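# sequence and predicted structure, then a few things I'm wondering about:
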Amino acid sequence: MLQVIQNYNTGELKVEEVPEPGMRPGGILVHNMFSLISAGTERNTVETAQKTLVGKAQSRPDLVRQVIQIAKRDGIMNTIALVKNKLDTPVPLGYSSAGIVMAVAEDVDEFAVGDHVACAGQGYASHADVVFIPRNLAVKMPAGVSFEAAAYTTLGAIAMQGIRQARVTVGEKSAVIGLGLLGLLTVQILKASGCKVAGIDIDNEACEKARSLGADLAFTPESEFMPLVEHLTQGHGFDHVIITAASTSNQPVILAGHIVRHKGKVIIEGAVPAEVPRSPYYEKEIDVLFARSYGPGRYDYSYEEQGRDYPYGYVRWTENRNMAAFLELIEQKRIDVRSITTHTFKIEDAAKAYALITGHSKEKEKYTGILIQYSHRHIAPEPTPEITGRSVPAFPPADKVRIGFLGAGNFAQNYLLPLLKKNTSVELAGVSTSKGITAQSVAKKFKFRYATTLNQELIQHPDIVALFIATRHHLHAPLVAECLKNNKSVFTEKPLAMNFEQLRELIEIYNTHPGRVMIGFNRRFAPAVRDTKLFLAKKIQPCMVTYRINAGYIPISHWIQDPEQGGGRIVGEVCHFVDLISYLIQSIPVRVFAEIISSTREDIVSKDNLAVTLKYRDGSVATVHYIACGDKSFPKERVEIFCENSVAVIDDFRRASFTRNGKTKKTGGGRQEKGYRQCLSAFIHAVAKGQPSPISFDEAVHATVTTFKILESLSKGLPVDIRLDDRQEVLNGLSRIYTESQTGR
């Protein structure tokens, strides 16, 4: 399919052939008919990408501060590599479209194949032939509403939210500052609400357009406008002023203060500096409000990505209901978008549209609404929600380990793939991601021979001998199972499974199918760990271990915190530290007790601040302090092991120190090395030589079950035993433990 993408590093914008997106739970696949270019927002995005690195830094000082913090923590070279990878990631453009439903996920019942829908969302309703849309970001189009008109729905919902912030009532006097696309829609909605409306813009033609769409008054700031304002408002001023302009100056805010009435409202919707002058805002006691995009639900992960709607009686106007209301106004002919549309480009010619809005077009034409049109070819629905991708080409025989890569997010692109690309023993055969644009980009960046959105194409391909899994957590166990069923070797990022049910099924498949499984516990292979392992090689007594992790805050809205997709940070990350302790002291845990902090603050995730005590079979005791409420600039990890009058310390995988008989030896330097390269090389070597996995499946199961037991301990408030001599406890169906822990504290 075709999609409009931009390279944020070079600024190059183009229409590229990429694989179609795959189906995911909670959403629909839509064949776009039209999408709308939001001239203001997308022009800023495109122009920022086209700036030099210094220009980008000046436009986003907030990101510069983040980069500086990362550099302090991880070093300049690592940070440069991370920034380069981020800049090289292609950016999909567009967030408002309309089209026909091609396929529906099994857990979605409000849509059917063939429905006409309006779609919203950055990264979803993109300028592309086919898009995946979560259920709450799509709304059915009323009969008689055209695709061209419905493509405006996201902008209409944004205008709706600004008006709702003003709490408009019939007969009030309203002003709109900024008569671009958003402003003209706002003028019409206000008129449909029974208001007297004035429009203000620096462009006389924009004022004329507002008058033609029903504005009672329209003027430029340079004109003698106060007598007109006093006449329209009987000398009181406007009840509310909605700022839809985009400006680097706070002049719109100053102007709004002059024309609004005493105790009136100023709603800031456009991108303007929120520098509010004391006078007249203080003298008039003006309320200053912000409108957050489409409405309630915006930026809420559970609403937008998980499809959890807000109760109608408590949140009357969500972003989805704003979208529906805007479409109803179009159906009732209260909104005219046809006269706002100035240009329509085919998807193949989308670059011309962006040249127009950035001023690089030879034709210096006026524009307002710019639509992108897609082929109206009939898309035959598949019998299942899965969309068939292109066939995988045959790979020629080679004396290398041919790899398929499933999932390629930031972690994979920053850590795994650069190392695999350098490994001369492998051939990067194919990569699969849920978004075609990502698959295409990763394939080009890391020299894969093939890109797809269908995991099964790589899993079932006869020439691919090893699969790497770096998807979201809930897919790990099912994909490992499929790889084993197809006699593949598989390297999966942690966690191995999300719950006992997944793990039980995976064990049963592992017991009856060939193939090797290795989980990405890379810390085992770090140089500091290697040296510590040698230092402790002859120990015969139990150890006392303290492992402190300054993990940093991750908001509850992040997918990792989602019980269904991420499983939380205990399942998703604490397994790393459990495994490393077991590896270093050469024993397995038999009992665990865990506690978390108690907090009523919404920005603190209690389970992310965790103290775990582990008792090991050899008598050792370890404590794991997993902390998310600290400062990220502080070193992340420190391991201290006390045993037989000896002390070993691993300091953030940069250096290690070993003290015995009054003497201390230090190894390492300032560079952090967590063992990623060595871990991947060990797996590739095992596959090439036909050797067992460097990390046994049993060890992976032990670490995984321990994290489930941590959750059980939190649920019960008591220590719990871990019986892992055989796998019977897992096979006996203890999925209830995980379920109970999720409903506990």
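The structure has been received and is ready for your questions. Residues are numbered from 1 along each chain as shown.

# give me the longest helix you can find in this protein.
helix 697-716 (DSSP state H).

# quick one: that one to chain centroid distance?
Here the centre of helix 697-716 is set off from its chain's centre by 27 Å, with CA atoms, centre = their mean, to the nearest Å.

# equivalent analysis for stretch 499-510, please.
Worked out by CA atoms, centre = their mean, stretch 499-510 lies 28 Å from the chain centre.

# which of the residues in that stretch are buried?
The neighbour-count check on stretch 499-510 (16 or more other CB atoms under 10 Å) flags 499-507, 509-510 as buried. C-beta: built from backbone N, CA, C; applies to glycine.

# ok, stretch 649-666 next?
With burial defined by 16+ other CB under 10 Å, the residues of stretch 649-666 counted as buried are 649-659.

# from Pro221, how far out is the closest residue to Pro277 other than its chain neighbours?
Closest residue in space to Pro277, ignoring its immediate chain neighbours: Ile254 at 6.0 Å, by CB to CB, 6 or more residues apart in numbering. Separation of Ile254 from Pro221 (CB to CB, to the nearest Å) stands at 10 Å.

# out of the buried residues of stretch 499-510, who's nearest His558?
Comparing these against His558 with CB to CB places Asn499 closest, at 19.4 Å.

# my read: that closest one touches Leu711, true?
No - using CB atoms under 8 Å, Asn499 is not in contact with Leu711; the gap is 9.3 Å.

# sorry, back to before: next structured bit after the longest helix of the chain?
Of the helices and strands lying after helix 697-716 in sequence (DSSP states H and E), the nearest is strand 720-721.

# just to revisit the earlier point, among the buried residues of stretch 499-510, which ones are in helices?
Counting by DSSP H, the part of the buried residues of stretch 499-510 found in helices is 500-507, 509-510.

# now do stretch 318-337, average pLDDT.
For stretch 318-337, mean pLDDT rounds to 96.

# cool, and stretch 628-637?
93.

# buried set for it?
Using 16+ other CB under 10 Å as the test for burial, stretch 628-637 gives 628-629, 636-637.

# repeat for stretch 558-566
For stretch 558-566, the neighbour count (16+ other CB under 10 Å) marks 560-562, 565-566 as buried.

# format the residues you listed as JSON lines; extra columns: pLDDT.
Output for the buried residues of stretch 558-566, formatted as JSON lines (pLDDT from 0 to 100):
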{"residue": "Ile560", "pLDDT": "93"}
{"residue": "Gln561", "pLDDT": "92"}
{"residue": "Asp562", "pLDDT": "90"}
{"residue": "Gln565", "pLDDT": "92"}
{"residue": "Gly566", "pLDDT": "94"}
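
# show me the two of those that sit farthest apart.
Between any two of the buried residues of stretch 558-566, the greatest separation by CB to CB is 9.1 Å, found for Gln561 and Gln565.

# was I right about Arg346 contacting Leu371?
Small correction: residue 346 is Lys, not Arg. No - judged on CB under 8 Å, Lys346 makes no contact with Leu371 at a distance of 10.1 Å.

# who has more neighbours out of the two?
Ranked by neighbour count (other CB atoms under 10 Å), Lys346 and Leu371 place Leu371 first, with 23 against 14.

# dump the residue contacts of the more buried one.
By CB atoms under 8 Å, 6 or more residues apart in numbering, the contact set of Leu371 is 34-37, 148, 151, 341, 343-345.

# got it, and Ala324?
By CB under 8 Å, 6+ apart, the contact set of Ala324 is Val139.

# with the buried residues of stretch 558-566 in mind, which one is nearest to Lys14?
The shortest approach to Lys14 among these belongs to Gln565, at 32.0 Å (CB to CB).

# tell me the secondary structure for the closest one?
Here Gln565 is recorded as coil under DSSP: H, G, I helix; E, B strand; the rest coil.

# OK, contacts around it?
The contact partners of Gln565, by CB under 8 Å, 6+ apart, come to 472-474, 559.

# among these, which ones are buried?
The neighbour count (16+ other CB under 10 Å) marks 472-474 as buried among those.

# returning to what we had before: would TSV of the buried residues of stretch 649-666 with distance to Lys86, secondary structure and pLDDT be doable?
Below are the buried residues of stretch 649-666 laid out as TSV (distance: CB to CB, whole Å; DSSP: H, G, I helix; E, B strand; the rest coil; pLDDT from 0 to 100):
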residue	distance to Lys86	secondary structure	pLDDT
Val649	33	strand	98
Ile650	29	strand	97
Asp651	28	strand	97
Asp652	23	coil	96
Phe653	23	coil	97
Arg654	24	coil	95
Arg655	28	strand	95
Ala656	31	strand	97
Ser657	35	strand	97
Phe658	38	strand	98
Thr659	41	strand	97
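
# in ChimeraX, how would I select the buried members of the contacts of Leu371?
Under the burial definition 16+ other CB under 10 Å, those of those that qualify are selected in ChimeraX by:
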select :34,35,36,37,148,151,341,343,345
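
# for the stretch 601-745 of the chain, which segments count as helices?
Counting by DSSP state H, counting those that start in this stretch, one finds helices in the stretch 601-745 of the chain at the ranges 676-689, 697-716, 728-731, 735-743.

# ranges for the helices of the stretch 251-400 of the chain?
251-259, 278-284, 301-304, 319-331, 350-357.

# now the first one: mean pLDDT?
Mean pLDDT, helix 251-259: 96.

# pull out the buried positions in it.
Judged by neighbour count (16+ other CB under 10 Å), helix 251-259 contains these buried residues: 252-253, 255-257, 259.

# how about the longest one?
For helix 319-331, a neighbour-count test (16+ other CB under 10 Å) marks 319-327, 329-330 as buried.

# also stretch 94-103?
Within stretch 94-103, the residues that count as buried by 16+ other CB under 10 Å are 94-103.

# and if you look at stretch 111-118?
The neighbour-count check on stretch 111-118 (16+ other CB under 10 Å) flags 111, 113, 115-118 as buried.

# can you check stretch 353-373 too?
Neighbour counts over stretch 353-373 (16+ other CB under 10 Å) mark 353-358, 367-373 as buried.

# pLDDT score for Ile604?
We have a pLDDT of 81 for Ile604.

# ignore the last one, Ile163
In this model, Ile163 carries a pLDDT of 97.

# report how many residues lie close to it.
For Ile163, the neighbour count with other CB under 10 Å is 24.

# what stretches of the protein score poorly on pLDDT?
48-60, 62-63, 376-399, 724-745 (pLDDT under 70).

# mind splitting it into its structural domains?
By the record's domain assignment, the chain is partitioned as 2-152+337-373, 159-290, 401-522, 534-743 (automatic domain parsing).

# quick check: Tyr294 touching Gln161?
Yes - in terms of CB under 8 Å, Tyr294 counts as a neighbour of Gln161; the distance is 5.9 Å.

# the two: which is more packed in?
When neighbours are counted by other CB under 10 Å, Tyr294 and Gln161 differ, and Tyr294 comes out ahead with 31 against 22.

# partners of the closest residue to Met544 other than its chain neighbours in the sheet?
Distances taken as CB to CB, 6+ apart place Phe642 nearest to Met544, at 4.5 Å, with adjacent residues excluded. Beta bridges link Phe642 to Met544, Val647, judged by DSSP bridges.

# state the distance from Phe642 to Gln373.
For Phe642, the distance to Gln373 - CB to CB - is 70 Å.

# same thing with Gly307?
According to CB to CB, Gly307 and Gln373 sit 29 Å apart.

# contacts only, for the residue of the chain most remote from its centre.
Most distant from the centre of the chain: Asn661, at 51.2 Å, with distances by CA atoms, centre = their mean. Contacts for Asn661 (CB under 8 Å, 6+ apart) come out as Asn645.
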